[in-house]
Structures are given as C-alpha cells and as structure tokens.
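[1] Structure of the sequence below:
(chains A and B)
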Amino acid sequence: DTGVSQDPRHKITKRGQNVTFRCDPISEHNRLYWYRQTLGQGPEFLTYFQNEAQLEKSRLLSDRFSAERPKGSFSTLEIQRTEQGDSAMYLCASSLDGPGYTFGSGTRLTVV
Amino acid sequence: SQQGEEDPQALSIQEGENATMNCSYKTSINNLQWYRQNSGRGLVHLILIRSNEREKHSGRLRVTLDTSKKSSSLLITASRAADTASYFCATALGGKLIFGQGTELSVKP
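    Numbering: from 1, shown residues only, chains lettered A, B, ... in the order given. All right, here's what the predicted structure looks like:
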C-alpha cells in the first residue's frame, strides 16, 4: 500500500458536464475526507466518511455534489452540471480514528 | 469558514536562515497540526502538538502553542531550498480538520 491514490490527476471538462473522481485510501484507514482547494487558499472541507457512513457534509457541497464510499473502501465524488466555479483541486485524505491525515496528490479540475 | 489564520501570507528568505510562521485559531482545541504542501501536490503531515504541550521539536522543526492566546508558531531552522512550499496549520472541529489559508515560503539558494 503506497498511500492515498486519486484518479484522475487532471480533468478538463466543458461546463454542464458531469465528472466523477475516485479516491483509494490507505487500506486500514476507516476515515476518508474530501477537500477542495483553490489557488492561494487552504483546503476547504467538503465531506467525510467513517467506514461507509457519510457523517458530515459542508454547506459548500451543493446538491450538484455527491460522494459515496460503498463498502467502506474507495470513495467517489461526483459533480453534476459543472460550473466554472467548480474549477479547483479536489483533495482526498484518510486517517485511522485519530489525528494526522494522509493526503493524496489531488485531482485538478478545470471547467471550460 | 477557515478556523486558522496564518501570518505572514508569504515569506521569502535566503538558504540557511530561519523561517517563522504563525497561526491563530478561534475555538478551543485538543491539538494543532502543521502540514506542508509542495506546488500542485497533496499535503504532508509535519507535526502535531497537543493542547497540554507548549513546545515540540522534530528535526529542524520547532512548534510552539499558546492556548491562552489561541496561537501557534512553526519555526524551520537552517532553511534549505527544498523547504520551499506552502505551510498550513489545522485544528479539529467536530470530526474533521479545518485548515488556515497558509504561508507560502520561498527559500532562495
């Protein structure tokens, strides 16, 4: 296990299209987090899972965003009807019940 | 909303100098963490300091915490060009970490 993997690394999409990102956490980690980061800003919390249960969603997460973590393993983040304001780096992190997250390298989304 | 605020927003120093970054936060905490992010990459956990600790060291890193002032500082001693990155403080709120806006450190060779 080499850490948290995110796929794809980069995604360019046309406005109005749907996109889906995948995150594979460290296998023994039960918590999985999604963050969004724009240029020059810190990561903003979107949502997190403990095992397969989604425990919290940020108000930043509009109804166009949905995240799943079936079977408590990998997670997907889908954005429907993308808008230019969705352009950002989407970061996934995982942890094992405690402090200290391991982050993936992120998926950079560009909406044109 | 951001829990932490880093200061300065950007810092440029020469190799070999020390770099100090500060973080202020709003609510009571169990611990405060510092992360580093190289351009276009994910964040890497550097160090955690618990609320009952005042100072912690890890290699060239020294972190202090003043819970009465709700502030923390990260000192990088004898900086290297490879330390060039953004540094973020983070505190736990509920079940997740809330990050500040970061300090962009540039170390010139």
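
[2] Please list the residues of chain A that sit near chain B.
    Counting by CB under 8 Å from any CB of the partner chain, the residues of chain A close to chain B are A:4, A:31, A:33, A:35, A:40-45, A:48, A:50, A:55-56, A:89, A:91, A:93, A:99-106, A:108. C-beta coordinates here come from the backbone N, C-alpha and C atoms, glycine included.

[3] Can you say which of these are buried?
    Buried members of the residues of chain A next to chain B, counted by 16 or more other CB atoms under 10 Å in any protein chain shown: A:4, A:31, A:33, A:35, A:41-45, A:48, A:50, A:89, A:91, A:93, A:101-106, A:108.

[4] got any ranges where chain B has weak pLDDT?
    For chain B, the stretches flagged by pLDDT under 70 are B:1-4.

[5] where does it come near chain A, residue by residue?
    So chain B meets chain A at B:2, B:4, B:30-31, B:33, B:35, B:40-45, B:48, B:88, B:92, B:94-102, B:104 (CB under 8 Å from any CB).

[6] In space, not sequence, find me the middle residue of chain A.
    Centroid check for chain A by CA atoms, centre = their mean gives A:Trp34 as the closest residue, at 3.6 Å.

[7] contacting residues around the closest residue to it other than its chain neighbours?
    The shortest distance from A:Trp34 to any non-neighbouring residue, by CB to CB, 6 or more residues apart in numbering or on different chains, is to A:Leu46 (4.3 Å). When contacts are counted by CB atoms under 8 Å, 6 or more residues apart in numbering or on different chains, A:Leu46 touches A:33-36, A:57-58, A:60-61, A:65, A:67, A:77.

[8] Just the C-alpha atoms of the one helix or strand A:Leu46 maps to, please, in CSV.
    Taking DSSP states H and E as the criterion, A:Leu46 maps to strand A:44-50. Extracted in CSV, the C-alpha atoms of strand A:44-50 (Å, rounded to 0.1, in the frame of the first residue of the first chain):
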residue,chain,number,x,y,z
GLU,A,44,-11.9,23.6,2.4
PHE,A,45,-13.7,20.7,4.0
LEU,A,46,-16.4,19.1,1.8
THR,A,47,-17.4,15.8,3.4
TYR,A,48,-16.1,12.8,5.4
PHE,A,49,-16.9,9.2,5.9
GLN,A,50,-16.3,6.8,8.7
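
[9] Just the residues contacting the next helix or strand after that strand, thanks.
    Going down the chain from strand A:44-50, the next helix or strand is strand A:53-57, by DSSP H and E. Strand A:53-57 is contacted by residues A:46-49, A:67-69, B:94-96 when judged by CB under 8 Å, 6+ apart.

[10] Check the gap between B:Ser68 and B:Ile49 for me.
    Taking CB to CB, to the nearest Å as the measure, B:Ser68 falls 15 Å from B:Ile49.
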